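[1] task: produce atomic coordinates for the following.
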Amino acid sequence: MLSDVLDLLTNPLLLSILINMAIFLIVTLSLNLETGFAGIPQFGRVLAVLAGAIAAGAIAGRIMAAMFGMPWGVEYVGDQNLQIVEKLNSIFSQNPGLSIAMLIMSLIIAAAFGGFIGYIVSYPAIRLKEAYLGITLLAFGDALQIIGKYYDPLAGGTAGIVVPDLFRFVGTGKIKYLGSTMIILGIAILVLIYVQSLAKSPFGRALKAMRDNELAAKVYGKDIVKLRAQALIIGGALAAIGGALWATYTGSFKALTYNRLTWTFWPWAFMMLGGTGNNYGIVLGTLIFSIFRSLIYAYKSELTNYIPINPNWLEYMLIGSIIVLIALFRPQGILPERPELPLSRKRIEEIKDKVVGYKAEKGSE
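    Residues are numbered from 1 along each chain as shown. Predicted coordinates:
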């Protein structure tokens with residue numbers, strides 16, 4: 001009975017849906033913070049995701065190698081990369097606590113690197129708006145990918161590098177993939193809770209005020225430059241965590257696989273489908289796309305017999321079609337944005353009743 005449950009939970013299709021949803025939920029929530037809340041045309045989401053993957057694979061990996069007296073310079077990303085990572089994995093297998101500590105360290109480094117990237121791109125965000133800013137951010141993302149792709153000492157260039165397996169504390173085999181998927185899904189839920197709390201906070205309301213009417217926000221004393229910078233820093237840090245988790249989960253890093261289609265335009269599609277500005281809509285949109293993408297991958301060979309095109313292009317056609325249909329018929333998404341109340345409705349009613357009662361007492365005196 002237990003083995004049947006384990007087989008069900010470790011079904012490759014189910015794990016594919018869950019891991020895709022978890023990673024893209026983190027990335028799309030970061031995009032929603034910058035675009036849905038702050039109104040920044042973030043067409044360079046891949047920039048922070050790629051920065052997080054580099055931080056986990058090339059920076060944190062080097063730190064781990066140096067800690068245990070292994071080559072950590074150019075040798076780390078060269079011919080010795082596989083041997084160094086295998087030794088690190090062996091150490092982590094014998095010490096689960098150390099593996100957990102290194103995972104936390106890797107995510108902290110990635111978040112810091114992503115936040116720094118967000119701070120850097122906030123400078124053009126101060127002066128540029130709308131299409132000009134969107135194109136500039138897109139160019140930044142492509143620039144970092146080119147550096148990572150062709151500058152071998154950074155992260156192995158076109159050959160890429162092997163990333164230390166920081167999920168060794170979970171176990172091996174099926175258990176490892178199930179456990180690591182659940183951990184990443186748990187992190188995604190924590191990110192959802194965090195971003196949702198931001199939406200209800202004064203900071204979140206200030207971002208939306210800036211998005212809706214920048215001039216009015218300035219009149220009410222809001223620092224637009226500071227708000228934009230904070231949104232980009234927080235969004236960059238969250239997206240970098242997603243990139244670091246993906247590199248760690250897959251166990252490898254190649255800059256050329258972090259392209260603008262997968263890590264910028266897909267999150268845009270997820271956000272538009274679910275509902276821009278609605279975090280729960282982001283969850284729904286990400287889940288729907290993750291299911292469709294995983295089904296297409298799982299049944300590629302069978303689909304060949306029923307469709308007149310190469311199934312490899314089906315997901316691109318699907319995403320493109322959905323974006324067009326959303327823009328035409330439901331631009332607000334499946335779950336449109338709703339006003340975020342600073343307090344619960346119950347608490348607001350309690351305050352209202354107290355005010356009404358207080359006025360009644362004063363009127364009777």
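
[2] ok, residue 160 - contacts?
    252-255 (Cβ atoms under 8 Å, 6 or more residues apart in numbering). In short, each C-beta sits where N, CA and C put it, glycine included.

[3] where's the closest residue in space to it that isn't next to it in sequence relative to residue 180, distance?
    Nearest non-adjacent residue to residue 160, counting by Cβ to Cβ, 6 or more residues apart in numbering: residue 254, 3.4 Å away. According to Cβ to Cβ, to the nearest Å, residue 254 stands 20 Å off from residue 180.

[4] who's more crowded, the two?
    Using other Cβ atoms under 10 Å as the criterion, residue 254 and residue 180 rank with residue 180 on top: 23 against 19.

[5] my guess is the more buried one meets residue 169, correct?
    No - taking contacts as Cβ atoms under 8 Å, residue 180 lies outside contact range of residue 169: 9.6 Å.

[6] quick one: contacts of stretch 70-81?
    58, 61-63, 65-66, 84, 87-88, 152-156, 161-162.

[7] quick check: mean pLDDT of it?
    Mean per-residue pLDDT for stretch 70-81: 89.

[8] how far does that stretch sit from its chain's centre?
    Chain-centre distance of stretch 70-81: 29 Å, with Cα atoms, centre = their mean, to the nearest Å.

[9] can you show me the CA trace of that stretch as CSV?
    Provided in CSV are the C-alpha atoms of stretch 70-81 (Å, rounded to 0.1, in the frame of the first residue of the first chain):
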residue,chain,number,x,y,z
MET,A,70,39.2,22.2,-3.4
PRO,A,71,40.1,24.3,-6.5
TRP,A,72,37.7,27.2,-6.7
GLY,A,73,39.2,29.4,-9.4
VAL,A,74,39.0,28.9,-13.1
GLU,A,75,39.5,25.2,-12.4
TYR,A,76,36.1,25.0,-10.8
VAL,A,77,34.3,25.7,-14.1
GLY,A,78,36.9,23.8,-16.3
ASP,A,79,37.7,20.1,-16.7
GLN,A,80,37.7,19.5,-13.0
ASN,A,81,34.2,20.8,-12.4
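
[10] what about the nearest residue to residue 279 once chain neighbours are set aside, helix or strand, and which?
    Leaving aside its chain neighbours, residue 279 sits nearest to residue 196 (5.0 Å; criterion: Cβ to Cβ, 6+ apart). For residue 196, the element it lies in under DSSP states H and E is helix 173-200.

[11] buried set for that helix?
    176-178, 180-185, 187-188, 191-192, 195-196, 198-199 (16 or more other Cβ atoms under 10 Å).

[12] where do the helices sit along the stretch 1-150 of the chain?
    For the stretch 1-150 of the chain, the helices defined by DSSP state H, counting those that start in this stretch cover 2-9, 12-31, 45-54, 60-67, 81-94, 96-127, 130-150.

[13] distance between the fifth one and the chain's centre?
    This means helix 81-94. Distance, centroid of helix 81-94 to centroid of chain: 27 Å (Cα atoms, centre = their mean).

[14] before we move on, back to that, okay if I get the helices of the stretch 1-150 of the chain as CSV plus mean neighbour count and distance to residue 316?
    As requested, these are exported to CSV (neighbours: other Cβ atoms under 10 Å; distance: least, Cβ to Cβ, whole Å):
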stretch, mean neighbour count, distance to residue 316
helix 2-9, 10, 30
helix 12-31, 23, 15
helix 45-54, 31, 16
helix 60-67, 20, 32
helix 81-94, 17, 32
helix 96-127, 19, 27
helix 130-150, 17, 18
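
[15] sounds good, over and out.
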